[in-house]
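Asks: Predicted structure and sequence below. I'll ask about it afterward.
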Amino acid sequence: MNVRLSSTAIAASLMLAAGATAQTTAPAPAAPATTNPAQTTAPAQTAPAAPTTGTAPATGTAPVAPGTPATGATTAAPTTTLAQALPTLPGRATLARLVKAAGLDAQLAGPGPFTVFAPSDDAFSRMPAGAIDSLSKPENKPALETIIKYHIVSGALTADQLKQQITAGGGTETLTTLAGQPLTAQLGPNGNIMLTDVNGQKAYVDQADVRATNGVVHLTNGISIPKIG
């Protein structure tokens, strides 16, 4: 039986996934001990460590295993499109699958250029059981397309370029996504890029500047949620 999810149900599922983002960020180091050992301060929750940069693996190479430290930026020219690169990136299999289900793989294989903010598999795993499968069904394709497009911006924006725009904007840069809805970029506590969606949920870039022939990917630790319906 085909079940078309309501916009309310889709938004609720995504909010559940995004709500855990702040809880998965790395804590700051504990404050130095005072002269009274009994007086301690709980560590504040902060964004992940400053992101690393890199280039997408060539098509056919094995993805880097989760937990493997990301390599630094390389001068090698990219050889894959965004559509080809996404399935090879560590922990982004769910996004690659949803891009295809939304029918956006052809667009991400085109000339572009585009900037893609790529949520992790872990972020999608926080959605309720069965939500991804339901969202992938043809009858829910319009909503899925909006969600994926909300993670894509026209033009290839490197992390440095985006940070320059944030600085020029007095600490905030408003990005217009392919979904036609704004995504707000700011600098997080550790200097990494922080994205705030239209619902106020935050996601952080934990690896920047994975380059493709038609754009760039920034890996994020959370899903950005557009208005649906």
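Replies: Nice, thanks for sending it over. Numbers count the residues shown, from 1 in each chain.

Asks: now A143, what's its secondary structure?
Replies: Under the three-state scheme (DSSP: H, G, I helix; E, B strand; the rest coil), A143 adopts helix.

Asks: i'd like the first residue to be 509 from this point on
Replies: Happy to do that; since the first residue is 509 now, the last one works out to A651.

Asks: wait, isn't it in contact with P734?
Replies: No - with contact defined as CB atoms under 8 Å, A651 does not count as touching P734 (9.4 Å). For the C-beta atoms, the positions are set from N, CA and C on the backbone; glycine is no exception.

Asks: just checking, S628 touches A604?
Replies: No - under the criterion of CB under 8 Å, S628 makes no contact with A604, lying 12.0 Å away.

Asks: Now do the longest strand along the chain: which elements does it pack against?
Replies: For the chain, the strand that runs over the most residues, judged by DSSP state E, is strand 710-720. For strand 710-720, the packing partners by 3 or more CB pairs under 8 Å, 6 or more residues apart in numbering; DSSP states H and E come out as strand 560-563, helix 590-593, strand 622-627, helix 667-676, strand 701-704, strand 723-728.

Asks: which stretches of this structure have low pLDDT?
Replies: Filtered on pLDDT under 70, the chain yields the residue ranges 509-583.

Asks: could you redo the last one with a cut-off of 80?
Replies: Scanning the chain with the threshold set as pLDDT under 80 gives 509-584, 737.

Asks: Can you show me the helices along it?
Replies: Per DSSP state H, the chain carries helices over the ranges 515-527, 590-593, 601-609, 613-616, 629-633, 639-643, 649-657, 667-676.

Asks: Return the most buried member of those helices.
Replies: Counting by mean count of other CB atoms under 10 Å, helix 590-593 has the highest mean neighbour count of the helices of the chain, with a mean of 26.

Asks: on contacts alone, who are the packing partners of that helix?
Replies: helix 613-616, strand 710-720, strand 723-728.

Asks: got the ones you listed as CSV, with distance to A637 columns?
Replies: Shown next, in CSV, are the helices and strands packed on helix 590-593 (distance: least, CB to CB, whole Å):
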stretch, distance to A637
helix 613-616, 26
strand 710-720, 22
strand 723-728, 23
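
Asks: Would you mind putting the CA coordinates of stretch 605-624 into PDB?
Replies: Presented in PDB, the C-alpha positions along stretch 605-624 are these (Å, rounded to 0.1, in the frame of the first residue of the first chain):
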ATOM      1  CA  ARG A 605      20.600   6.900  -1.900                       C
ATOM      2  CA  LEU A 606      18.200   9.800  -1.200                       C
ATOM      3  CA  VAL A 607      19.700  12.000  -3.900                       C
ATOM      4  CA  LYS A 608      19.000   9.200  -6.400                       C
ATOM      5  CA  ALA A 609      15.500   8.600  -5.000                       C
ATOM      6  CA  ALA A 610      14.800  12.300  -5.300                       C
ATOM      7  CA  GLY A 611      15.900  12.200  -9.000                       C
ATOM      8  CA  LEU A 612      18.700  14.800  -8.300                       C
ATOM      9  CA  ASP A 613      21.600  12.600  -9.300                       C
ATOM     10  CA  ALA A 614      21.400  13.800 -12.900                       C
ATOM     11  CA  GLN A 615      21.500  17.400 -11.800                       C
ATOM     12  CA  LEU A 616      24.500  16.700  -9.600                       C
ATOM     13  CA  ALA A 617      26.200  15.000 -12.500                       C
ATOM     14  CA  GLY A 618      25.700  18.100 -14.700                       C
ATOM     15  CA  PRO A 619      27.900  21.200 -15.100                       C
ATOM     16  CA  GLY A 620      26.800  23.000 -12.000                       C
ATOM     17  CA  PRO A 621      28.700  24.100 -10.200                       C
ATOM     18  CA  PHE A 622      27.100  23.400  -6.800                       C
ATOM     19  CA  THR A 623      27.900  23.300  -3.100                       C
ATOM     20  CA  VAL A 624      26.500  20.400  -1.300                       C
END
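
Asks: Fine, thanks again, bye for now.
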